[in-house]
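*Asks:* next come a sequence and a model predicted from it.
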Number of protein chains: 2
Amino acid sequence: MLDVCLLGTGGMMPLPYRALTSLMVRYNGSTIMIDCGEATQIAVRKSGWSFKPIDLLLITHFHADHISGLPGLLLTMGNAERREPLIIAGPKGIERVVNSLRVVAPELPFEIKFIELSEKEEDINILGLKIKAFKVNHNITCYGYSIELERKGKFDAEKAKALNIPIKCWNPLQKGNEVTFEGVTYTSDMVMGPDRKGLKVTYCTDSRPTEAIVANAKDSDLFICEGMYGDHENDHKAKDKKHMTMYEAAEMAKEADVKEMWLTHYSPSMVKPQEYEDEVKKIFPRTVIAKDRELKELKFDE
Amino acid sequence: MLDVCLLGTGGMMPLPYRALTSLMVRYNGSTIMIDCGEATQIAVRKSGWSFKPIDLLLITHFHADHISGLPGLLLTMGNAERREPLIIAGPKGIERVVNSLRVVAPELPFEIKFIELSEKEEDINILGLKIKAFKVNHNITCYGYSIELERKGKFDAEKAKALNIPIKCWNPLQKGNEVTFEGVTYTSDMVMGPDRKGLKVTYCTDSRPTEAIVANAKDSDLFICEGMYGDHENDHKAKDKKHMTMYEAAEMAKEADVKEMWLTHYSPSMVKPQEYEDEVKKIFPRTVIAKDRELKELKFDE
C-alpha cells in the first residue's frame, strides 16, 4: 500500500488558504517528500503526518516555491528526534543549494546524503521502491518523479506440491530466493506466477508538456500534475513561463492512460480552480481538481 | 502616528495556529519590518498590509525562525511591483547570509542595500525615524531595536508676534530652519517650545534580560518582548538556551517603566500563553499576552 498526501496545491507563493505544492508518500514506515517550499512544514502539521520518518526528499528544481522551506523542515526534523541520515535528491547542484540555504541551519543532529541528478532519466532504487527521475521542460533544470511499488506474482502451492518441493523451502522461494535442499536446487520461478500489477505515482510540476512526462506517467495509478492556469486568457503565459494549463495536463493524462489525475500548482491569481473542472473533464474525465491535503490510499488490485 | 502590527507570536517554528514573531511598523507611507521567519509572508497577507512599501527590514539574528522567510518575501515584494531599493540591517554578516539564502531567489527587480551592525549600540536614522540597534545576550549575536518618532515643540505665535518676526518666516521656522529676512536672522528656537514627547516602540526577542534592554526600552509607548516560557519548570531552559521567561520580561518592563508591554515568541510547547497572564500582571500590570496580528495605533499625546 502507498499512502499519498498532497500537502498543498499552490504555485509561486504560499497563501493563507493554499499551501505550496508538495507531496508526501508513505510506504513501509518510510516517508518520501517531493519538494519543500516555504511553509510546507505547517502543511505537514495540518496533515497530521510525522516529520521524523522522512527518509528521502526529492527536489524538482531550485525555484524558491519548491525548496525554500528546507532549512525550517530540517530543523524541525531534528527537533522531532531524527538521527538517521536523510537522503536528498535533486538536479545537479543540489548539495551546493542545500548547503547555501543551511546558512541559517548549520547544525543538525543527522547527516544529509545527496543524490545529484544529471542524466535525462535516472533510477533511484531505494526504500523498497523503484523511483525514476525524468527531466522536464522548465526555464531552469527541473525533474519529474515516478514512484513505483512492484508486486511479485502469486505463489502456486499446487505447483509446489506437484514438483515435490519440501514445505520448508516454500517461504524463501516466495521471497524470490533460490534454495538448495538435500542436494536439489529450487528456484523462485518454479513456484511463483508472473509479476502482478504494482502501484505507481507520477509527479510533475513546472514544465511544458513533454513526451517524457507522458512516457513516465504511463499507466500510473495516480498522476499528479501542474495545472497552473485554467482561463484560456493565460494560455500564452503558460508557454512564456514554461508552465502548463489544466487542459495540457489533461491531454497528457489521457495519452498516458492513467487511472486518476490530480491537478495542482495553481497560480495565485486562480481563486477557484473548480471553475474549470467541467472543461478539463471533457478531455480527461478521471481528473481531480485537488485541494490541500488531498489524500489517497493506493492498494494493490484484489 | 505609528501603526504597529505584530504579525506572529511564535518562536522556533511556524505552527498552523501561530506564525513566527515578526513586527511591521508603518509611518508616513513606509513600512519597517523586524524579522522574517518562514511563512511571515502568509502572516502579512492575513494582516491585510502591503508588501510593496517595506523600505527597511531589520534582522535581529541569523536563526532560521527569524530570517528564513526572506527569499520568499523578496520574491513576493518583486511580484508586488517593488522597484525601489530595500535596506536590510542586521548583525555583521547580514549581506553574506542574505546572499546565501538568495541562492533560490537570485533575480530581483529591486536593489538591496545593507547596513551591517557591529557596535554594542548603533543609530540608524532613516525614513524620518530614529532607530537604535542594541546588542542583547543570546547564543549568537543578536540585536534589539527601538524605533522612535520625535515630536517638535509647539510653535508660539504670540512670541513670534512679540518679536516682530514677519509671518512669511513662520513656516520655515516651524520646520526647524534658520531664516534671514531683510538682514535679520531668525532661528527656530526663538518661536518653538521645547520638544514634546514623541512615540517609541522597542522590540526584543531571543535574549537573557540585560541592562541594555531596560535602558533602550525606557519610557517606550510599546515594548514588545520575548516571553518564551511561562511555566516555572522551564526557568532553567530559558537560562540554558538564552531566552527569557514572561516574568523576566515583566521585570524589565517595570524597570523601564514602559506604557505597555506585549509578550511574544512563545515556545511551541506553550499551548495557552494566556494561562500565565495573572501571574505576569502581578509584576507588570500593563502586560498584554499578544496574539497573532495584534494591532495598535500609537498617537501623540494631545
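*Replies:* Nice, I can see it. Residues are numbered from 1 along each chain as shown, chains lettered A, B, ... in the order given.
*Asks:* tell me the mean pLDDT over stretch A:236-256?
*Replies:* Rounded to a whole number, the mean pLDDT of stretch A:236-256 is 97.
*Asks:* same question for stretch A:60-80.
*Replies:* Confidence over stretch A:60-80 (mean pLDDT, whole number) is 98.
*Asks:* what about the closest residue to A:E122 other than its chain neighbours, how many residues nearby?
*Replies:* Counting by C-beta to C-beta, 6 or more residues apart in numbering or on different chains, the nearest residue to A:E122 once its immediate chain neighbours are dropped is A:A133, at 4.8 Å. The C-beta positions use only the backbone N, C-alpha and C, and glycine is treated the same way. By other C-beta atoms under 10 Å in any protein chain shown, 22 other residues sit near A:A133.
*Asks:* you'd agree A:A133 is up against A:L58?
*Replies:* Yes. A:A133 is in contact with A:L58 according to C-beta atoms under 8 Å; the separation is 7.4 Å.
*Asks:* which residues are common contacts for the two?
*Replies:* Both A:A133 and A:L58 are contacted by A:89, A:143, A:145, under the criterion C-beta atoms under 8 Å, 6 or more residues apart in numbering or on different chains.
*Asks:* quick one: which of the residues you listed is most hemmed in?
*Replies:* When these are compared by neighbour count (other C-beta under 10 Å), A:Y143 ends up highest, at 27 neighbours.
*Asks:* over to the residue lying closest to that one once chain neighbours are set aside. Which of the three states is it?
*Replies:* For A:Y143, the nearest residue in space outside its immediate sequence neighbours is A:A133; the separation is 4.7 Å by C-beta to C-beta, 6+ apart. What DSSP: H, G, I helix; E, B strand; the rest coil gives for A:A133 is strand.
*Asks:* what about the shared contacts of A:A133 and A:L58, which are in strands?
*Replies:* A:89, A:143, A:145 (DSSP state E).
*Asks:* pLDDT value on the second one, please?
*Replies:* Right, A:Y143. In the predicted model, A:Y143 carries a pLDDT score of 98.
*Asks:* and it, what does it touch?
*Replies:* Under the criterion of C-beta under 8 Å, 6+ apart, the neighbours of A:Y143 are A:58, A:60-61, A:90-91, A:117, A:133-136.
*Asks:* near chain B, which residues of the stretch 51-200 of chain A show up?
*Replies:* Proximity of the stretch 51-200 of chain A to chain B is confined to A:62-65, A:67-69, A:71-72, A:75-76, A:79, A:96-97, A:100-101, A:103-105 under the rule C-beta under 8 Å from any C-beta of the partner chain.
*Asks:* what subset of those is buried?
*Replies:* A:62-65, A:67-69, A:71-72, A:75-76, A:97, A:100-101, A:103-105 (16 or more other C-beta atoms under 10 Å in any protein chain shown).
*Asks:* which of the residues you listed fall within strands?
*Replies:* Counting by DSSP E, no part of these is found in strands.
*Asks:* hang on, the earlier thing: of the contacts of A:Y143, just say which sits nearest to chain B.
*Replies:* When the contacts of A:Y143 are ranked by distance to chain B (C-beta to the nearest C-beta), A:H61 comes first, at 9.8 Å.
*Asks:* which residues does the closest one contact?
*Replies:* When contacts are taken as C-beta under 8 Å, 6+ apart, A:H61 is in contact with A:67, A:90-91, A:138, A:140-143, A:206.
*Asks:* which SS state does A:Q274 fall under?
*Replies:* Here A:Q274 takes the helix state, with states given by three-state DSSP.
*Asks:* correct me if wrong: it contacts A:K291.
*Replies:* No. Because the distance of 9.0 Å does not satisfy C-beta under 8 Å, A:Q274 is recorded as not touching A:K291.
*Asks:* which of those two has more neighbours?
*Replies:* Set side by side, A:Q274 and A:K291 give different neighbour counts by other C-beta under 10 Å, the larger being at A:K291 (15 against 10).
*Asks:* what's around the nearest residue to the more buried one once chain neighbours are set aside, how many residues?
*Replies:* Closest residue to A:K291 apart from its sequence neighbours, by C-beta to C-beta, 6+ apart: A:T9 at 6.3 Å. A:T9: 24 surrounding residues under other C-beta under 10 Å.
*Asks:* state the phi and psi torsions of A:T9.
*Replies:* Torsion angles at A:T9 (phi, psi; degrees, to the nearest 10) stand at phi -130, psi 10.
*Asks:* what does A:I34 give?
*Replies:* A:I34 adopts backbone torsions of phi -110, psi 120, taken as degrees, to the nearest 10.
*Asks:* tell me where chain A has helices.
*Replies:* When secondary structure is read from DSSP state H, chain A shows helices at A:40-47, A:64-67, A:70-79, A:94-101, A:157-162, A:170-174, A:211-217, A:235-240, A:246-256, A:277-283.
*Asks:* return the most buried member of those helices.
*Replies:* Among the helices of chain A, helix A:64-67 has the highest mean neighbour count (mean count of other C-beta atoms under 10 Å in any protein chain shown), at a mean of 27.
*Asks:* from the contact counts, what lies against it?
*Replies:* Secondary-structure packing of helix A:64-67 (3 or more C-beta pairs under 8 Å, 6 or more residues apart in numbering or on different chains; DSSP states H and E): helix B:70-79.
*Asks:* and the helix it packs on, how far from the chain's centre?
*Replies:* On the basis of C-alpha atoms, centre = their mean, to the nearest Å, the separation between the geometric centre of helix B:70-79 and that of its chain is 21 Å.
*Asks:* can you check stretch A:67-83 too?
*Replies:* Averaging C-alpha positions (C-alpha atoms, centre = their mean) puts stretch A:67-83 20 Å from its chain's average.
*Asks:* pull up the distance across it, start to finish.
*Replies:* With C-alpha to C-alpha, to the nearest Å as the measure, stretch A:67-83 spans 22 Å from end to end.
*Asks:* now swap in stretch A:264-275 and tell me
*Replies:* The stretch stretch A:264-275 measures 14 Å between its terminal residues, going by C-alpha to C-alpha.
*Asks:* cool, and stretch A:26-40?
*Replies:* OK, stretch A:26-40 end separation, C-alpha to C-alpha: 17 Å.
*Asks:* in that stretch, which residues are buried?
*Replies:* For stretch A:26-40, the buried set under the neighbour-count rule, 16+ other C-beta under 10 Å, comprises A:26-27, A:31-40.
*Asks:* nearest to A:E150, of the residues you listed?
*Replies:* If you rank those by distance to A:E150 using C-beta to C-beta, A:Y27 comes first, at 11.8 Å.
*Asks:* ok, residues contacting stretch A:36-46?
*Replies:* Contact partners of stretch A:36-46, identified using C-beta under 8 Å, 6+ apart, comprise A:7-8, A:13-14, A:19-22, A:24, A:33, A:51, A:57, A:59, A:64-70, A:72-73, A:76, A:292-293, B:13-16, B:38-39, B:41-42, B:69, B:71-72.
*Asks:* next one: stretch A:79-90
*Replies:* Residues beyond stretch A:79-90 that count as contacts (C-beta under 8 Å, 6+ apart) turn out to be A:50-52, A:54-62, A:67, A:74, A:77, A:94, A:97-98, A:109-117, A:124, A:126, A:133, A:143, B:12-13.
*Asks:* at 7 Å instead, please
*Replies:* Residues from elsewhere that reach stretch A:79-90 (C-beta atoms under 7 Å, 6 or more residues apart in numbering or on different chains): A:50-52, A:54-59, A:94, A:98, A:109-115, A:117, A:124, A:133.
*Asks:* got it, and stretch A:146-160?
*Replies:* A:2, A:25, A:27, A:32, A:129-132, A:170, A:174, A:176, A:191-202, A:216, A:220, A:300.
*Asks:* if anything else comes up later, I'll come back, but that's it for now.
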